[in-house]
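# What would the 3D arrangement of this be:
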Amino acid sequence: MRTEKIALLIIRFAAAGTMLLHGIARIVNAGVTPFDGFLTGFGFPAYTAWAITIFEIGAALALLLNKWVAVICTLFILQLLMGIILVHGREGWFVVGAGRNGVEYSVLLILCFVSTALASRKSN
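Got it, this is the predicted structure:
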């Protein structure tokens with residue numbers, strides 16, 4: 001396997017693994033209901049948090065298996081952009097250190113998903 005393919009595999013696994021753990025942690029830490037309350041406050045329907053959580057877990061597993069890569073990456077990018085719009089954007093750039101809860105982590109994941117989606121189109 002070429003070095004470039006290994007590098008892209010690492011990016012795909014890191015981004016997918018991050019989203020997988022994010023969804024699992026929300027369930028394990030009883031965060032789905034509070035997240036749902038947050039989302040309904042913006043006008044989203046009840047149980048949207050469950051839909052997002054199930055998507056994060058299922059889509060991340062599919063991405064780890066290299067299935068529907070471009071579509072899943074696009075949906076994760078849209079999800080992360082909504083997180084920036086609803087939560088992180090008003091907090092600035094930094095997640096920790098010079099700020100708190102900012103966009104830097106979301107932007108990094110978005111770029112990982114863009115790279116993964118582009119790589120999947122190249123190989124098809």
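# Report the mean confidence score over the longest helix anywhere in the chain.
Scanning the chain for the helix with the most residues, using DSSP state H, yields helix 3-28. Per-residue pLDDT values across helix 3-28 average out to 97.
# Packing partners of the very next helix or strand once past it?
Beyond helix 3-28 on the C-terminal side, the first helix or strand identified by DSSP states H and E is helix 32-40. In terms of contacts (3 or more C-beta pairs under 8 Å, 6 or more residues apart in numbering; DSSP states H and E), helix 32-40 is packed against helix 48-64. In this view, the C-beta of every residue, glycine as well, is placed from N, C-alpha and C.
# hmm, who's touching the helix it packs on?
Identification of contacts with helix 48-64 by C-beta atoms under 8 Å, 6 or more residues apart in numbering yields 12-13, 15-17, 19-20, 22-24, 26-27, 32-33, 35-36, 38-40, 68-69, 72-73, 75-76, 79, 116.
# Can you select the buried ones from the residues you listed in PyMOL?
Applied in PyMOL, the following selects the buried portion of the contacts of helix 48-64 according to 16 or more other C-beta atoms under 10 Å:
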select buried, resi 12+15+16+19+20+22+23+26+32+36+39+69+72+73+76+79+116
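# Many thanks, we can stop here.
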